[in-house]
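Visitor: How does the following fold in three dimensions:
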Amino acid sequence: MLSELRSSVWAYPALEVVHIVGIALLLGNLVALEIRVWGGAAALPVRALARLSLGIALAGFGLAAASGLLMFATQASELLANRSFVWKMGLLTLAGCNAAWFHGRGSLQKLDLTARVQMLVSTAVWLGVVVCGRWIAY
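Guide: All right, here's what the predicted structure looks like:
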């Protein structure tokens, strides 16, 4: 399978498209939830929006992670030597820790200042992941 990814004219670019779609689903839905947590779209119930947006965000993460692992497998040694890739992996870890803290403390039920800051941190970290991901190619 890896040799097909390396040799095919369209397979790797198609995998990149899947990766970008996953990122869009993830980040777009997190930003929608962040807007609600900060008080925007107040007519939307937080729990209902969270159920919808977090489910889609999780699906997006799954797409991005699966496609990212396949892309990584095609050039693992080069990527491990790439500083942007290492930063990206660190930011992904930070995003996971922030999400665990957010949900572990019940931030969706509290919607307090800490929840708002956690959402801002989440969006900033995910944007950093995107920047590092684009920087890998250069």
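Visitor: which of the residues in the top helix by length along the chain are buried?
Guide: In the chain, with assignment by DSSP state H, the single longest helix is helix 46-74. Going by neighbour count (16 or more other Cβ atoms under 10 Å), the buried part of helix 46-74 is 46, 49-50, 53-54, 56-57, 60-61, 63-64, 67-68, 70-71, 74. Yep, even glycine has a C-beta here, placed from its N, CA and C like the rest.
Visitor: And for stretch 106-125?
Guide: By neighbour count on 16+ other Cβ under 10 Å, the buried set for stretch 106-125 is 107-108, 115-116, 118-119, 122-123, 125.
Visitor: closest to residue 6 among those?
Guide: residue 125 (31.0 Å; Cβ to Cβ).
Visitor: if I pick the residue lying closest to that closest one once chain neighbours are set aside, what's in contact with it?
Guide: For residue 125, ignoring the flanking residues on the chain, the nearest one in space by Cβ to Cβ, 6 or more residues apart in numbering is residue 95 at 4.7 Å. If you count contacts by Cβ atoms under 8 Å, 6 or more residues apart in numbering, residue 95 has them with 122, 125-126, 129.
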